[in-house]
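> Got a sequence here, can you build the structure:
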Amino acid sequence: MRNIIKNGQVTADEWLLLREESHLWPAQDVIVPLEVWLSARLAHSHRSAPWLAPDADIATLLPHLADLPLIAIDFPAFTDGRGYSLARLLRERYGYAGELRAIGDVLQDQLYYLHQTGFDSFAVREDRDATQALAALQDFSDGYQVTWRRAEPLFKRVF
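Numbers count the residues shown, from 1 in each chain. Next up is the predicted model:
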């Protein structure tokens, strides 16, 4: 079982991430591609959650948001920033309140910014140490701009 960062702590991951589009799911909680989740979610006896590709159409997920305990957003490359936008849309526009997890090519340098856009759990790349990466959430004491976690820019909070 791999470790993830969740709610500011390193913890064992209770979910199994399945990258392949298979309808044979193991007897445990699984994270599967959005299309697979939409077509087979009711047949699974354990919890299931979708993972979204950076170009996913989240409109297909909207009717199910209130029932989802977790949504994972894939970062196929650390240079692909579309997942940040998906997170902000899910949190701000659509009011998703469940766990939002970053998966894929997630590096320590991204964690602070991912957290600001609404992610609360991170599956750090497997060749990196989650305990070391945890420190990145404290990289900055404050920020200038408005984020999902900060409703006002710095100049309004200071003056």
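> Look up which helix or strand the residue most central in space within the chain falls in, please.
By Cα atoms, centre = their mean, the chain has its centre lying nearest to R101, at 1.9 Å. Using DSSP states H and E, R101 sits in strand 99-104.
> Mind giving me the packing neighbours of whatever helix or strand comes next after that strand?
Next in sequence after strand 99-104, counting helices and strands by DSSP H and E, comes helix 111-116. With contacts defined as 3 or more Cβ pairs under 8 Å, 6 or more residues apart in numbering; DSSP states H and E, the packing partners of helix 111-116 are helix 82-88. Glycine gets a C-beta too; all of them are placed from N, C-alpha and C.
> Show me what the helix it packs on is in contact with.
Applying Cβ atoms under 8 Å, 6 or more residues apart in numbering, the contact partners of helix 82-88 are 52, 54-56, 58, 73-75, 100, 102, 113-114, 117-119, 148.
> May I have it as PDB, with CA atoms only?
C-alpha atoms of helix 82-88 as PDB (Å, rounded to 0.1, in the frame of the first residue of the first chain):
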ATOM      1  CA  ARG A  82      -5.200  21.900 -16.900                       C
ATOM      2  CA  GLY A  83      -5.900  19.900 -13.700                       C
ATOM      3  CA  TYR A  84      -5.600  23.100 -11.600                       C
ATOM      4  CA  SER A  85      -8.500  24.600 -13.600                       C
ATOM      5  CA  LEU A  86     -10.600  21.400 -13.200                       C
ATOM      6  CA  ALA A  87     -10.100  21.600  -9.400                       C
ATOM      7  CA  ARG A  88     -11.100  25.200  -9.200                       C
END
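> starting at the chain centroid, how far to it?
Per Cα atoms, centre = their mean, to the nearest Å, the displacement of helix 82-88 from the mean C-alpha position of its chain is 9 Å.
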